Every structure is written in C-alpha cells, then in structure tokens.
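Undergrad: Sharing a model that was predicted from the sequence below.
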Amino acid sequence: MSGSETKTKRERASLIPIAGWLRSYDRKLLRGDVIAGIAVAAMVIPKDLGYANIAGIPVQNGLYAAAAGAILYAIFGTSRQISTGPSSALAALAASAVLAAAISGGQDTASFVAGITLVSGIFFILLAVLKMGWISHFLSRAVVTGFLFGAAIDVVIGELPKLTGTETSGSNPLQELWSWLGTLSEAHGATVLVGAVSLVVIFGLRHYAPRVPGALVLVVGGLIASWVFDLGAKGVALVGEVPSGLPSLQVPDIQLLGDHIGTVVLAALGLVMIGFSQTSGDARAFAAKHRYRIDIDQESFAQGMANAGAGLFQGMPVSTSLSASSLNDTSGARTGMASLMTGAVLLLTLVFLAPLFSDLPLPVLAAVIIEAVVMGMMDLPEMRRLARVKRFDFWIAVVTLGVTLIFGVLVGVIAGIVLSLVWLISVATRPDVPVLGREPGTEVFRELDEHPTDEQFAGVVVLRLDGGLFFATSDAVEDRIRDVALSRDDVEAVVLDFEGVDFIDSQGATKLREIMALTESAEVTLRLARLKPEVRQVLEKDGVLELISPDRIHGNVYRAVVAETERTSERGDDPGPT
C-alpha cells in the first residue's frame, strides 16, 4: 500500500471514525453493544414521542429524529457511550421558536421545526470546520441551570391541560397556569383519573424501582388500558393516527424559513449553544471514565451531521442525552455499535410498531413528559449549591429562569447567552490585583486580605496581576496602582508580580509603558517580577523593556523587595518589614 493511500485512509478514519473502528471491531464486544442499544431504544422511544409532542409536531417525527441522530452520530462521533436523540430542552426551544414565529398548522410546524434543526446542524458543522467549539463555553453553567429549570416549568405547565382535558390560553407560561387553574371546574373526570394514575406510576417507579424503565412501562400500560377500557370512547384524548414506515428525505420549506429568518437563526444558535455544551461535557466524562480520547471538533461535526440528517428526514433537534448515555454505558456499550443498534431498533419500531401508538392516551404521554423534564431539567441540588457557593451565580440562574417563564424559552436562552457574556466581560475587565505581604520567616509573598498579619516593607507596595494584561484589563490595572500606591506619600516603590499574567497584547504593553511613565513622574520606583517568556517577548518587541533597567526586573518578588530595600538602606532610610 502506497504512502498516499495510507494517508487517505487515515484522513477518512479521522473524518468518519466508523471507517476506523469498524474494521478492527472486536466481536467479543458485540453482546454488550447489542444489549445496550436495545435498552436505550426501549428507554427513549416513549420519551421521543413526548418530545415531539412538546415541539408540536407529529409524534412519529420524534422517532425519525431519534433514528437519524443515533445512526449518524455512530458514524461520525468519537465517543463510544454517547446516545444522541431528541431532548426535552431542545424540544421546548423548538416549540418556543414556533410560537415566536406565530406558525400554525401541522405541516408548517413540522417543516419549520425540521428547518431550524437543519440550520442548527449547519452551524454545528461550521463550528467544527472553523474549530470554534470553544464558543460553547460562553454559556455558563449557572445560566444553563436556570434556563433548563425555567424551560421545565414551561413544559410542565403546557402539559397540565392534557391531564385535565381542558383548554387554556395565555401568552406566557404564568398566564397559561392562571388560565388552567380557572378551568379546573371543567376538568374531564376520566382524563383526570388516567393522568393521576400515570403520574403515580411513573414517579413511583422512579422512586421505588429506578432500574425499571418507567416510561416504557407506563406507555405499554396506557396502551393496554386504552384498548381494555376503550378510553377514547369515554372522552379521553388519544395521540391519533401514527403511520408506519420510514421517513423520506425532504428539504424543509425554504420560503417558510426565509419568512422567519431571524427566529430561525436565533433558535438555531440557541440549539447549538445548549446542545454543544451538553455534548462536549458528556463526551469528555465518558472518555475520562473509559480512558480514551475524543475530538471535540469532530464531536461538533457529528452533532452537525446528526441534526442535519434529522432535519432532512422531517425530525427535530437532537443532542446528547445524559440519562440515555448513562444507560448505554451501564448496559455494556463499548463502541458506536450500540448507537447503531439503537437506531436499528427505532427503524424497526417505525416500520412495525408505530401504529400501535395511535391509541396512546394523551394524559399518559403528558405524564411521561412531566417526569422527563422534572427529573432531567429541574436541578434543585445545583440551585442549592449555587446559592451556597456563589450567590451571584445563583441570582443569574434565577434571572434566566424568570425571563424564560415570562418571555418564553427562546428569549430565555438568548437572555442566558447575553447574561453569560456580560458576566464574562465583567470578570475580564475587573481583574484581581491584590496587595501582597511576606509570610514571616520565609520568602513567600501572599495576599494580605487573607493573611493580614504578614509583613510589609516600608515604602514598598507589592501587587500581583491575576489574568492577562490586555485591552479589557489594562485600565483596571492602572487604576489599582493609582489607588493603592500613587495616592500615598509614603510609597517609594511598586513591585508588580507578573506570575499570573500569561497573556499580554499590544495595548497591554502600551499600558505598561504608561504606568512606567506615571510612576517615574511620581518619583516611585517600578520593579517587575516573574515575567513569563511569552510576556517578556511581547514587551521586548514593543521596546518596553528598554525603558526599564535590567536591575529592576527580577526572578521573584522577594528579590525585587530585597533590591529595593537595599537601595533604600544606601540612602540611610529604614527598610525593615512592618
């Protein structure tokens, strides 16, 4: 085999990982992969029906998306345990986009949801090509926690009418809840009974038999009850006709997407931010557990292909499901074959079993959805942790939750992104520049705020720069030096500890030049300590280091302070610590 052929095969295996691992697949792993794939399919089928219902599209479209996501991720993904498919958060975001676009009508809604799914897939692929997966880091965990909690409440409120057989109105979840409370006197008795029993069953199994697939048990039980008691004839709403067969390749309505391009782009960006933050974290976790490497950019590409495929096959947004992935892992999944098996079972379900779901009572489906979002999206322990650890993060989560409830899921995720960026900018532009003191009897300098009894040296202020010195932080550093050093008459020297500075840009270099001029005009000696090679290189290129004599650049803070105290003692001043 020629070198060029070998290189081509390596590139193909890199872009399409299945081309690499399938050739060397160990058949000893097949049993575990098959069992895991079937177990995950049994878990996700009833939930995927519910997620489609959240998005307002035909329930079979949820299975279309699940099959496409599972198979395409297995082909292009690098994680061996990840299970990709619809999720409650993405379904809620898609539903919010439909509401924002004021789209009504089954076919238009399905096409619109498929369209934003396709666009989000294209965005994912662009992130992979441009290697911009880091953009997902702009969505903080606090924001995601608040958004998911608010979206879960939104979904639960939306499902309440299905438990009572009533109709509600309102432009936001809170208005819908108030409207629903006003309809309780009109609740349909049989529907309420079915809904109550369904909630008891699914939450009871979750609590007392967590290893039992509660959603599957409930759906099967609901179908049996529907046939035995003829619930449809008693006025209980049913899912309705679910056709059998595989989806056809179909491009979403371009005209419809163009008419609502703003909503489409915002929704797709939100789907990418939420989806990728989930995928990257879960993929890393499983890779660390089983000691193999993943490629985050390839993961983005895999999610892009999965969403593009789901969109072209009339589906809905897909992403990583932590619960399904965990089941995949614990059931024995060791390669992408498990995901292929999940996809195969979903396709068989569409061909042979789909019509059975036509008689599924809507209250049963509502209970499945409620359990999924309550247990998967309402993270009370994390909210408590945020309140205990960092109150500001807690209030960011609360604000995101509130915006989601008042203005809808789409606005909630946009607000979350904005809040994350504002918080990032706030932190970046206000770096810590603590005053340091010497630990008695050592050469160690540490923060005086935490160790107020540490020694200080007369006339010398030691400051440590934490973070990069660049356009966003340079003014804050100058202000700090003015406040703690240049505003005092007794300060004769400032030592800047650069230990925490690993990045400096041209504006940061210019600012340091200005600080040097500022201290010189105030007759204050400026000394630099612990310059890293990268920082020193930038300062040398800009000519900044030429302006300060080499004897004022030191390997550590202690040497800088000693040099200054020795200079002071030569003048006859007292250099000792205080």
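TA: It's in. Numbering: from 1, shown residues only.
Undergrad: Just the strands from the stretch 251-400 of the chain, written as ranges.
TA: 319-320 (DSSP state E, counting those that start in this stretch).
Undergrad: Let me fix that, I meant to ask about the stretch 101-250 of the chain.
TA: With DSSP E, counting those that start in this stretch as the criterion, the stretch 101-250 of the chain has no strands.
Undergrad: What segments of the stretch 451-578 of the chain are helices?
TA: For the stretch 451-578 of the chain, the helices defined by DSSP state H, counting those that start in this stretch cover 474-481, 506-521, 533-541, 557-570.
Undergrad: do the stretch 201-350 of the chain as well
TA: Applying DSSP H, counting those that start in this stretch to the stretch 201-350 of the chain gives helices spanning 214-229, 254-259, 261-290, 296-312, 322-330, 337-348.
Undergrad: Distance from stretch 181-188 to the middle of the chain?
TA: 38 Å (CA atoms, centre = their mean, to the nearest Å).
Undergrad: Pull up the distance across it, start to finish.
TA: End-to-end span of stretch 181-188 (CA to CA, to the nearest Å): 14 Å.
Undergrad: can you pull the buried residues of it?
TA: Neighbour-count burial for stretch 181-188 flags 183, 188 (criterion: 16 or more other CB atoms under 10 Å). Backbone N, C-alpha and C define where each C-beta goes, glycine included.
Undergrad: Same check on stretch 348-357?
TA: Within stretch 348-357, the residues that qualify as buried are 349-350, 354, 357, counting by 16+ other CB under 10 Å.
Undergrad: Make JSON lines from these and add distance to residue 327 to it.
TA: As requested, these are arranged in JSON lines below (distance: CB to CB, whole Å):
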{"residue": "349", "distance to residue 327": "17"}
{"residue": "350", "distance to residue 327": "21"}
{"residue": "354", "distance to residue 327": "23"}
{"residue": "357", "distance to residue 327": "21"}
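Undergrad: Turn these into TSV, including pLDDT and distance to residue 41.
TA: As requested, those are arranged in TSV below (pLDDT from 0 to 100; distance: CB to CB, whole Å):
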residue	pLDDT	distance to residue 41
349	96	7
350	96	11
354	93	14
357	94	14
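Undergrad: Which one of those is nearest to residue 63?
TA: In terms of CB to CB, no member of the buried residues of stretch 348-357 lies closer to residue 63 than residue 350, at 5.5 Å.
Undergrad: That closest one contacts residue 67, correct?
TA: Yes. Counting by CB atoms under 8 Å, residue 67 is a contact partner of residue 350 at 6.9 Å.
Undergrad: one step back: residue 544: which of the helices of the stretch 201-350 of the chain is closest?
TA: That would be helix 296-312 among the helices of the stretch 201-350 of the chain, by CB to CB, at 36.4 Å.
Undergrad: Summarise which helices and strands the closest one is packed against.
TA: When contacts are defined as 3 or more CB pairs under 8 Å, 6 or more residues apart in numbering; DSSP states H and E, helix 296-312 packs onto helix 3-15, helix 59-76, strand 84-85, helix 106-129, helix 261-290.
Undergrad: Mind doing that once more with 7 Å?
TA: On a contact count with 3 or more CB pairs under 7 Å, 6 or more residues apart in numbering; DSSP states H and E, helix 296-312 meets helix 59-76, helix 106-129, helix 261-290.
Undergrad: just to revisit the earlier point, quick check, nearest of the buried residues of stretch 348-357 to residue 213?
TA: Distances from residue 213 to those, taken by CB to CB, are shortest for residue 349, at 14.5 Å.
Undergrad: Excluding sequence neighbours, find me the nearest residue to the closest one.
TA: Using CB to CB, 6 or more residues apart in numbering and skipping residues adjacent in sequence, the residue nearest residue 349 is residue 45, 6.0 Å away.
Undergrad: how many other residues sit next to the one you found?
TA: Residue 45: 24 surrounding residues under other CB atoms under 10 Å.
Undergrad: and it, what is it in contact with?
TA: 63, 346, 349 (CB atoms under 7 Å, 6 or more residues apart in numbering).
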